[in-house]
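Q: Structure here, sequence nowhere to be found:
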Ligand SMILES: [Zn+2]
């Protein structure tokens with residue numbers, strides 16, 4: 001994987017390539033973006049690039065340093081990961097601080113990659129501050145965080161920040177096709193459900209469980225306006241079964257009704273995500289007013305907020321069902 005393999009994120013990639021080319025390498029970088037957006041992939045290429053020994057294009061993927069990096073055994077690369085724990089504690093950072101003052105073994109530089117930097121406790125962040133401001137001249141620290149607001153302002157101000165952008169549906173589709181032997185039509189469907197996050201698109205495309213869940217959601221959606229066939233109890237059963245994955249279910253419902261709305265408003269399927277369900281979308285669009293479809297979307301979003309606020313699950317879902 002090299003910069004030329006990265007799809008999307010062109011402004012981030014161009015800035016990083018320039019840093020490597022000019023060899024004006026800073027002490028601390030921060031990559032911010034949601035899980036699955038590609039922070040780690042890009043940070044790894046960048047880190048490899050600043051340690052690469054090639055005189056030509058960096059990273060070259062051929063020199064000793066690049067090969068060591070790719071095998072995960074580079075002695076001058078240090079990673080901090082959260083692992084199974086919920087946070088990165090002060091102990092993990094203290095260990096890093098002990099290491100950072102030791103000279104590199106083989107390279108001119110040492111690179112420290114803090115994955116899930118947003119999960120650093122406040123104590124861990126505070127322990128890091130001084131070193132982050134003035135690390136040894138050979139050290140570069142790279143922080144990866146899902147959200148910048150979970151880091152102290154004093155951490156943020158010491159890092160050069162790169163914000164990763166959500167990708168277009170086309171770009172996510174291209175990435176999915178690279179990884180899976182599936183039709184473009186199917187890949188576009190997953191891309192539409194990915195919210196512009198390639199990691200999410202890949203996960204959906206590879207998940208059997210997701211296929212099953214999606215089928216169940218459509219069974220529910222196709223019967224939802226046909227109350228004679230499906231009583232309230234059955235509908236509740238469906239939601240009860242997916243209690244642990246309610247966020248994804250609500251996502252699918254919102255996307256479904258947005259599909260109906262966009263078809264109703266524009267008269268074409270151009271913006272529709274669920275491209276394999278066009279006849280059902282057309283049928284449901286003919287049954288309802290735009291206002292009614294909007295009110296359903298609002299009800300779903302309201303249910304999501306209620307559940308985030310720890311509302312009673314059954315009560316929140318029953319409210320939703322009553323409003324549809
Ligand atoms: Zn190299």
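A: It's in. As the structure is a computational prediction, the values presented were derived from the model and not from experiment.
Q: in a helix, that's where residue 29 is, yeah?
A: No: going by DSSP: H, G, I helix; E, B strand; the rest coil, the assignment for residue 29 is strand, not a helix.
Q: so who does it touch?
A: 43, 46, 140, 141, 142, 143, 159, 160, 161, 162 (CB atoms under 8 Å, 6 or more residues apart in numbering). C-beta here means a position set from N, CA and C on the backbone, and glycine is covered the same way.
Q: Narrow those to those in strands?
A: Using DSSP state E, the subset of the contacts of residue 29 located in strands is 140, 141, 142, 143, 160, 161, 162.
Q: from those residues, which is closest to the ion?
A: Using CB to the ion, the shortest approach to the ion within the ones in strands among the contacts of residue 29 belongs to residue 140, at 16.0 Å.
Q: ok, back up a step: please identify the member of the ones in strands among the contacts of residue 29 with the greatest number of neighbours.
A: Of all the ones in strands among the contacts of residue 29, residue 143 has the most neighbours under the rule other CB atoms under 10 Å, reaching 29 neighbours.
Q: Wait, that residue touches residue 159, no?
A: Yes: counting by CB atoms under 8 Å, residue 143 touches residue 159, with 6.2 Å between them.
Q: any common contacting residues for those two?
A: In contact with both residue 143 and residue 159: 28, 29, 30, using CB under 8 Å, 6+ apart.
Q: closest to the ion among those?
A: After measuring the shared contacts of residue 143 and residue 159 against the ion - CB to the ion - the closest member comes out as residue 29, at 19.3 Å.
Q: and the closest one, bridged to which residues?
A: residue 142, residue 160 (DSSP bridges).
Q: Let me have the shared contacts of residue 143 and residue 159 in CSV, extended by distance to residue 185 and pLDDT.
A: Formatted as CSV, the shared contacts of residue 143 and residue 159 follow (distance: CB to CB, whole Å; pLDDT from 0 to 100):
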residue, distance to residue 185, pLDDT
28, 44, 96
29, 39, 98
30, 38, 98
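Q: what's next to stretch 84-104, contact-wise?
A: With CB under 8 Å, 6+ apart, stretch 84-104 has contacts from 76, 78, 80-82, 110, 112, 114, 116-117, 119-121, 123-124, 127-128, 131, 135-136, 138-139.
Q: That should have said stretch 280-299, apologies.
A: 218, 221-222, 225, 254, 257-261, 263-265, 269, 272, 274, 319-320, 323-324.
Q: One more pass at 7 Å, please.
A: Identification of contacts with stretch 280-299 by CB atoms under 7 Å, 6 or more residues apart in numbering yields 222, 225, 254, 257-261, 263-265, 272, 274, 320, 323-324.
Q: same question for that stretch, mean pLDDT?
A: Per-region confidence: stretch 280-299 scores 94 on mean pLDDT.
Q: starting at the chain centroid, how far to that stretch?
A: 29 Å (CA atoms, centre = their mean, to the nearest Å).
Q: Give the buried residues for that stretch.
A: 280, 281, 284, 285, 288, 293, 296, 297, 299 (16 or more other CB atoms under 10 Å).
Q: Just give me the least confident of the contacts of stretch 280-299.
A: Within the contacts of stretch 280-299, residue 225 has the lowest pLDDT, namely 68.
Q: Which stretches in the stretch 1-150 of the chain count as helices?
A: With helices called from DSSP state H, counting those that start in this stretch, the stretch 1-150 of the chain shows them at 10-22, 39-51, 64-70, 90-100, 122-133.
Q: list the helices and strands the first one packs on?
A: Applying 3 or more CB pairs under 7 Å, 6 or more residues apart in numbering; DSSP states H and E, one finds that helix 10-22 contacts helix 39-51.
Q: Now tell me what touches the helix it packs on from outside.
A: Here helix 39-51 has contacts from 1-3, 6, 9, 12, 16, 20, 25, 31, 33, 58-59, 65-66, 69, 76-77, 107, 109, 111, 113, 115, 140, 142, 144, 164, using CB under 7 Å, 6+ apart.
Q: hmm, 6 Å instead?
A: Contacts with helix 39-51, where a contact means CB atoms under 6 Å, 6 or more residues apart in numbering, come from 3, 16, 20, 25, 31, 33, 58-59, 65-66, 69, 107, 109, 111, 142, 144.
Q: Is any residue of that helix near the ion?
A: No: Helix 39-51 lies apart from the ion when judged by CB under 5 Å from the ion; the minimum separation is 6.9 Å.
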